[in-house]
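Visitor: How does the following fold in three dimensions:
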Amino acid sequence: MAPFQRQLRVCDSYLALEELLSELKKVSKTHFLHSLAVVLFLTAFGACTSAPTINTSAPTINTKGTVSESDQRLARAFDQRESNLQVEGTGTVTRLLSDDNEGSRHQRFIVELKTGQTLLISHNIDLAPRINSLEVGDEVSFFGEYEWNAKGGTIHWTHRDPNRQHTAGWIKHEGRVYQ
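Guide: Model (predicted):
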């Protein structure tokens, strides 16, 4: 493979610059200088300046079969950085967090959807009952408002609105509705 072809492949696959220099040291001085000139040219004109794109969205395929429509909707909301969406879904509790006691008190826990996307559930325990029996590994269903964040999103409004201005939400756990 000619040195300049190797450089283009490096740019296309975003290999580390150290790896490129290591490869270039193996060729003759003339080829090295030619290769270095090509790399500098490509870098100067933006061919290799962008970082690799990392897909942080939830995968659309899982090992448990088809992905539910609600999981797909939550994945789209995450990908498109949407917020203020009334959503319904089901996930497995992966982590129990301490309560948020600033302002209205909220029971907090993380759920993972079948797609792998994680959500923080922030359940207002001043307006709805606490889920005392909740444990890691439990399955919960939820209906609430989705807010985008870089970690997958937050679900809140999982309770009735005492002012009746917002759609009532809920959490279902072990056959009981918490609202």
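Visitor: Partner strands of the longest strand anywhere in the chain and their direction?
Guide: Determined from DSSP state E, the single longest strand within the chain is strand 85-96. Strand pairing for strand 85-96, using DSSP bridges, gives strand 106-112 (antiparallel), strand 139-147 (antiparallel).
Visitor: What is the three-state secondary structure of Arg73?
Guide: Following DSSP: H, G, I helix; E, B strand; the rest coil, we place Arg73 in the helix state.
Visitor: For burial, what's the neighbour tally of the nearest residue to it once chain neighbours are set aside?
Guide: Distance criterion Cβ to Cβ, 6 or more residues apart in numbering; nearest residue to Arg73, sequence neighbours excluded, is Val87 at 6.2 Å. No exception for glycine: its C-beta is placed from N, CA and C like everyone else's. By the measure other Cβ atoms under 10 Å, the count of residues near Val87 is 19.
Visitor: Can you give me every residue that contacts Val87?
Guide: 70, 73-74, 77, 143-146, 155 (Cβ atoms under 8 Å, 6 or more residues apart in numbering).
Visitor: related to what we said a few turns ago, give me the average confidence score over the longest strand of the chain.
Guide: The average pLDDT within strand 85-96 is 97.
Visitor: Equivalent analysis for stretch 138-151, please.
Guide: 97.
Visitor: how about the helices of this protein, start to end?
Guide: 3-13, 17-24, 29-44, 69-79 (DSSP state H).
Visitor: tell me, which of those helices is the model least confident about?
Guide: Minimum mean pLDDT among the helices of the chain: helix 3-13, a mean of 38.
Visitor: roughly how far apart are Ser133 and His173?
Guide: Using Cβ to Cβ, to the nearest Å, one gets 7 Å for the distance from Ser133 to His173.
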